[in-house]
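The following comprises the amino acid sequence and a computationally predicted model.
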Amino acid sequence: MLRLNRSPDRLAKSSEPHLQVQGVTYCYGNTAALTDINLTLYPGERVALIGPSGAGKSTLLKLLNGTLTPTTGTVSVLGVPLADPNPRRRRALQQQIGTVYQQFHLVENLRVIHNVNAGQLGRWPWYQALWSLVWPQGIETARQALARVGLPDKLYSRTDRLSGGEQQRVAIARILVQDPAILLADEPISNLDPARSHEVMTLLTHCGQGKTLIMSLHALEFAQTYCERLVGLREGKIFFDGLVTAITPQQITQLYRLEP
């Protein structure tokens, strides 16, 4: 793996990492999807995971948010292992991680406010969450989040009546009310045209200010424009890790080369 220089003032030694991946391997059956991954991510970083299809980008994101558990190795959030055996501590850690999925994961036959309020469920007691389905709670918080993503008038609209781009904004509003320290996005612009892609990337980077933002992206030009650090994955391993300004065209070509 090639490690490139990082900005010393951006990653000050006094900064505590938001995420640490130490010696992580993940296997689907007998097949290793990721092998010996070591990665440290700091507050305020904007990081793009890039690489060819099947390189392990989505698997890595699922390990970072706790959807998957490493076969070997450790993923730590805010200095605490994500696989903490205490269920309450584990839920608290996962509340600090918000994920924007490629498929949005919205309940389309519910109104927008209910989908946005899903970001609050980690903080609400069960009875408040249940009551909110009948009489929506947190209305002002949801309204403010929708205003930030440009949908101030869609609070009570049925989600399935929104366009794909609007539904993606609802998914981002859900993350805003969750207010996590770490924001993950799995191919957030894969189904969008260039103009909408720029809108979503601008929105994500704006919402991610002060947070650690990690996105998997197929579109290299968007990764280079909106992120400051590139982590190149190839065949389940980190091929390079460094600032956008330090990555050369030759290294990008090597990352995507067809031959082994």
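That came through, no problem.

Report the distance from the host helix or strand of Tyr26 to the chain centre.
Here Tyr26 is covered by strand 19-28, with elements defined by DSSP states H and E. Averaging C-alpha coordinates over strand 19-28 and over its chain gives two centres that are 16 Å apart (CA atoms, centre = their mean, to the nearest Å).

Now the helix or strand following that strand - C-alpha only, CSV.
Elements were assigned by DSSP H and E; along the chain past strand 19-28, the next helix or strand is strand 31-41. What follows is strand 31-41, C-alpha atoms only, in CSV (Å, rounded to 0.1, in the frame of the first residue of the first chain):
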residue,chain,number,x,y,z
THR,A,31,-13.8,-15.5,0.2
ALA,A,32,-12.0,-12.5,1.7
ALA,A,33,-13.7,-9.2,0.7
LEU,A,34,-11.3,-7.1,2.6
THR,A,35,-7.8,-8.1,3.9
ASP,A,36,-5.7,-6.5,6.7
ILE,A,37,-7.3,-3.0,6.4
ASN,A,38,-5.7,-0.3,8.6
LEU,A,39,-7.3,3.2,8.4
THR,A,40,-7.5,6.2,10.7
LEU,A,41,-10.1,8.9,10.1
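
which strands and helices sit next to strand 31-41?
strand 19-28, helix 57-64, strand 237-243 (3 or more CB pairs under 8 Å, 6 or more residues apart in numbering; DSSP states H and E). In short, each C-beta sits where N, CA and C put it, glycine included.

quick one: strands adjacent to the strand holding Tyr26?
Strands adjacent to strand 19-28 in the sheet, as given by DSSP bridges, are strand 31-41 (antiparallel), strand 72-77 (antiparallel).

how about the shortest one: buried residues?
What it means is strand 72-77. By neighbour count on 16 or more other CB atoms under 10 Å, the buried set for strand 72-77 is 73, 75-77.
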